[in-house]
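>>> Pasting the sequence and the predicted model now:
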Amino acid sequence: DALKYLMRITGTEEIDAVACDLHPRFFTTRLAEELSREYSAQLFKVQHHHAHAAALAVDSGVEELVCIAADGVGYGDDGTAWGGEILYCFDDQYQRLGSLTPQKMPGGDLCAIYPARMLFSILGNYYPLDYLEELFKKEYKEYFPHGEKEIQLVRRQLERDINVGITTSTGRILDSIATALHICSKRTYEGECAMKLESAAYKSSNNLDIPYRIYKYNGRYVLDTTDLLLNVMELKNAGEKIVDIAAAAQRSISRGLAEIAVRVAEDVGTDIIGGSGGVFYNEAISLTIKDYVEERGYRFIQHKNSCAGDGSVSLGQAVIATKKL
């Protein structure tokens, strides 16, 4: 009914194309498929972060860019949950040339609500699970609704690969840092843990440094988020102030993403780098990335007339669909 109303008031009689997200289970995807059949229109499924980048590009009037797309989640073209991506975008195409480390999500989306699950998984890449289980029972038991039993369950999920998703989400890493530092234990509203981490970081007056590591995996640059969390834990155990660690962790992930973007821009031969996704509402992260990029001679663009969050995704979908027609 809403579509027919819009068509009537705009004098639109035909629909040439319908655009939607790539996720096969979204209601909007099913609706787009129905509308495509009803109006004999071409259907274009657009990857979430590609749509972010396309919205940023049209907002800034550019045709080619390297985009840092950082948010909570977007369905990737490999079927995993993306959210920390460096994409090279041109025409109606994109190449995924960088990302955060693919991390396991025991319990899938439960990790977004109870980030201690995500923290356990990330630290489990390094620590023996026996040691990790005892550490979490001692220090993070209250962060699991079912206490010790749930910690044991998360361990078994990881050992047996039961209901374990894969993600490169920046949001899940920020949540994990907040949990590791006892800043936030549960998400009760969108972005809660990441925003509480940001708030804590603003109270820091120290330039504590956390080094970051970038490596190559499957032909793309990867920022090592396991190493980042291990450093966070080490600093916490050494008695550094929580607010200083929070600020240092944000700077580390910001500089790591920015360095990958600069490397990719150099590789592909473009001088424009942009940032999109909900993480760019974090001013400290956004400014750190901007400064890093511009200090190395690249132009950094951000949203002006559209938003950094998912409100711009439909714009990006429309842009890509129009280019493909």
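It's in. All figures in this text were calculated on a predicted structure; none of them were measured in a lab.

>>> For residue 249, give its distance to residue 218.
26 Å (Cβ to Cβ, to the nearest Å). All C-beta atoms are positioned from the backbone trio N, CA, C, and that covers glycine.

>>> tell me which residues in the longest strand along the chain are buried?
Determined from DSSP state E, the single longest strand within the chain is strand 64-75. Buried residues in strand 64-75, counted by 16 or more other Cβ atoms under 10 Å: 65-75.

>>> Among those residues, which one lies nearest to residue 37?
Nearest to residue 37 out of the buried residues of strand 64-75 is residue 75 (Cβ to Cβ; 22.1 Å).

>>> can you give me the strands in the stretch 151-300 of the chain?
Using DSSP state E, counting those that start in this stretch, the strands found in the stretch 151-300 of the chain span residues 164-167, 214-217, 220-223, 272-276, 299-301.

>>> Partner strands of the shortest one and their direction?
Sheet pairing of strand 299-301 (DSSP bridges) gives strand 272-276 (parallel).

>>> tell me the angle the partner strand makes with strand 64-75.
Here strand 272-276 runs at an angle of 20 degrees relative to strand 64-75 (axes from the mean of the first three to the mean of the last three Cα atoms, to 10 degrees).

>>> Surely residue 244 touches residue 204?
Yes: counting by Cβ atoms under 8 Å, residue 244 does reach residue 204; the two are 4.8 Å apart.

>>> Tabulate the CA atom coordinates of stretch 176-190 in PDB.
Extracted in PDB, the C-alpha atoms of stretch 176-190 (Å, rounded to 0.1, in the frame of the first residue of the first chain):
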ATOM      1  CA  SER A 176      34.500  -7.300  23.700                       C
ATOM      2  CA  ILE A 177      36.900  -4.600  24.800                       C
ATOM      3  CA  ALA A 178      34.200  -2.900  26.900                       C
ATOM      4  CA  THR A 179      33.500  -6.300  28.600                       C
ATOM      5  CA  ALA A 180      37.100  -7.100  29.200                       C
ATOM      6  CA  LEU A 181      37.500  -3.800  31.000                       C
ATOM      7  CA  HIS A 182      34.300  -4.300  33.000                       C
ATOM      8  CA  ILE A 183      32.700  -1.300  31.400                       C
ATOM      9  CA  CYS A 184      29.600  -3.100  30.000                       C
ATOM     10  CA  SER A 185      28.300  -6.600  30.500                       C
ATOM     11  CA  LYS A 186      25.100  -6.700  28.400                       C
ATOM     12  CA  ARG A 187      23.500  -4.800  25.500                       C
ATOM     13  CA  THR A 188      20.100  -3.500  26.500                       C
ATOM     14  CA  TYR A 189      19.900  -1.000  23.600                       C
ATOM     15  CA  GLU A 190      21.600  -0.700  20.200                       C
END
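
>>> what is residue 214 paired to in the beta sheet?
residue 223.

>>> okay, residue 249 and residue 218: which has more neighbours?
residue 249 (27 against 9; other Cβ atoms under 10 Å).

>>> okay, that one: pLDDT?
As summarised for this prediction, residue 249 has a pLDDT of 99.

>>> Name the nearest residue to it, ignoring sequence neighbours.
Leaving aside its chain neighbours, residue 249 sits nearest to residue 177 (4.8 Å; criterion: Cβ to Cβ, 6 or more residues apart in numbering).

>>> No further questions, thank you.
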